[in-house]
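Student: Sequence first, predicted coordinates after that:
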Amino acid sequence: MHTIWSIGEAMVELRHAAPGSLAQTFGGDTLNTAVYLARLLPQAQVRYVSAVGTDPLSAELLAFIATQGVDTALIARDPERLPGLYLIETDAAGERRFHYWRSAAAARHMLGAAQGATLDAAACELVYFSGVSLAILDDARRERLLGLAARKRAAGARVAFDSNYRPRLWEDVASARRWNAAALALTDIALLTFDDEAALHGDTDPATVLARARAAGVGTVVVKHGAAGCLLAADAGAPPVTVPTEAVTPVDTTAAGDSFNAGFLTGIARGLPPAAAAALGHRVAGRVIRHPGAIVPVAATADLVDAAGA
């Protein structure tokens, strides 16, 4: 059985349900990926690594994660802090804008001594985290996160990383570049997005993004590029290939990249060729963006479990 860790911040999600009212659920980039991994790999153990409070809303958040099939035993409880919160606004084309309240969130203080000892004692086959996972932490905890990933990799796990660059979370561009480079240096599977990398590095085409990741030693690189599909390099010496996406009319593009990542990692875990794994990623993302919110109803993705080879 595969054991997969997804590390990051789980948050309270709000979105407009009707004039004057808000619908509340939960989400967060690495949580979204964890949930879709658990759906697509029902025989795997998907474990979320984070920190939440001891308040009633944190308890609801933990219960929600558990109902999605994701193990919560590695989530620390912080009696002095609360979970972060975000509001999604979507336009007529389904494109979204986020507003965050997360500066005092418990997840910013995860990876303390007790949690770190628990994580060191536990085993996994895949560690997944993102640039957001790094950005919310101080430098000491960033070092702990990368150190944890490096130790698990040395023990035989693979490391997957999505840069998911969010400028407002970083102190400055130089810090973001430095920590992203440090993450790529220990990454086996890079799941990057062209728009994010262009904002961070000034790249003008996906090939430049791919080349930088390969130069860092990453074996499998995916550069997501919206409706243009993705650029994939997975075989040493072989030219990269473009894997097209499905034509979809989006309702809400929240979690498009997160759900793609889950589909791709599922395909790799199932032993699919990388191009087929990318096609599965596109299929999962295409299904998710037809629904509002980051984590869509189970029924919306149920048939994709068979497509994933479960």
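Tutor: Cool, got the structure.
Student: for the residue lying closest to residue 73 once chain neighbours are set aside, helix, strand, or coil?
Tutor: What sits nearest to residue 73 in space, not counting adjacent residues and going by Cβ to Cβ, 6 or more residues apart in numbering, is residue 47, at 7.0 Å. Just so you know, the C-beta spots here come from the backbone N, C-alpha and C atoms, and that holds for glycine as well. Assigned by DSSP: H, G, I helix; E, B strand; the rest coil, the conformation of residue 47 is strand.
Student: what's the burial count for residue 47?
Tutor: Residues lying near residue 47 (other Cβ atoms under 10 Å) number 21.
Student: if I look at it, how far off is residue 170?
Tutor: According to Cβ to Cβ, to the nearest Å, residue 47 stands 27 Å off from residue 170.
Student: doesn't residue 250 fall inside a helix?
Tutor: No. Going by three-state DSSP, the assignment for residue 250 is coil, not a helix.
Student: Pull the contacting residues for the residue nearest to residue 73.
Tutor: 3-6, 70-74, 122, 124 (Cβ atoms under 8 Å, 6 or more residues apart in numbering).
Student: In those, which residue is surrounded by the most others?
Tutor: Busiest of the contacts of residue 47 [other Cβ under 10 Å] is residue 6, holding 33 neighbours.
Student: what about residue 17, is that helix, strand or coil?
Tutor: Under three-state DSSP, residue 17 comes out as strand.
Student: That one touches residue 23, doesn't it?
Tutor: Yes. The criterion here is Cβ atoms under 8 Å, and residue 17 meets it with residue 23 at 3.9 Å.
Student: All the helices of this structure, residue numbers only.
Tutor: 29-40, 56-67, 113-121, 131-135, 139-154, 173-184, 194-201, 206-215, 256-269, 274-288, 298-301, 304-307 (DSSP state H).
Student: Could you export the ones you listed as CSV, including mean pLDDT, distance to residue 233 and mean neighbour count?
Tutor: CSV is the format used below for these (pLDDT from 0 to 100; distance: least, Cβ to Cβ, whole Å; neighbours: other Cβ atoms under 10 Å):
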stretch, mean pLDDT, distance to residue 233, mean neighbour count
helix 29-40, 98, 21, 28
helix 56-67, 97, 33, 16
helix 113-121, 98, 31, 13
helix 131-135, 98, 20, 25
helix 139-154, 99, 20, 16
helix 173-184, 98, 14, 17
helix 194-201, 98, 14, 18
helix 206-215, 97, 6, 19
helix 256-269, 97, 13, 28
helix 274-288, 97, 9, 23
helix 298-301, 92, 28, 14
helix 304-307, 75, 24, 16
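Student: Tell me the bridge partners for residue 5.
Tutor: residue 47, residue 127 (DSSP bridges).
Student: wait, it sits on residue 125?
Tutor: No. Contact criterion Cβ under 8 Å: residue 5 and residue 125 do not qualify, at 9.1 Å.
Student: so what sits against both of the two?
Tutor: With Cβ under 8 Å, 6+ apart, residue 5 and residue 125 have no common neighbours.
Student: Pull the number of nearby residues for residue 17.
Tutor: Using other Cβ under 10 Å, the number of residues around residue 17 comes to 11.
Student: re the thing from before, out of the helices of the chain, the one nearest residue 239 is which?
Tutor: helix 206-215 (10.3 Å; Cβ to Cβ).
Student: which helices and strands sit right next to the closest one?
Tutor: Packing partners of helix 206-215 (3 or more Cβ pairs under 8 Å, 6 or more residues apart in numbering; DSSP states H and E): strand 189-193, helix 194-201, strand 220-224, strand 230-233.
Student: Next, format these as a markdown table and append distance to residue 101.
Tutor: As requested, the helices and strands packed on helix 206-215 are exported to a markdown table (distance: least, Cβ to Cβ, whole Å):
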| stretch | distance to residue 101 |
| --- | --- |
| strand 189-193 | 24 |
| helix 194-201 | 22 |
| strand 220-224 | 28 |
| strand 230-233 | 32 |
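Student: among those, which is nearest residue 89?
Tutor: Using Cβ to Cβ, the nearest of the helices and strands packed on helix 206-215 to residue 89 is helix 194-201, at 18.4 Å.
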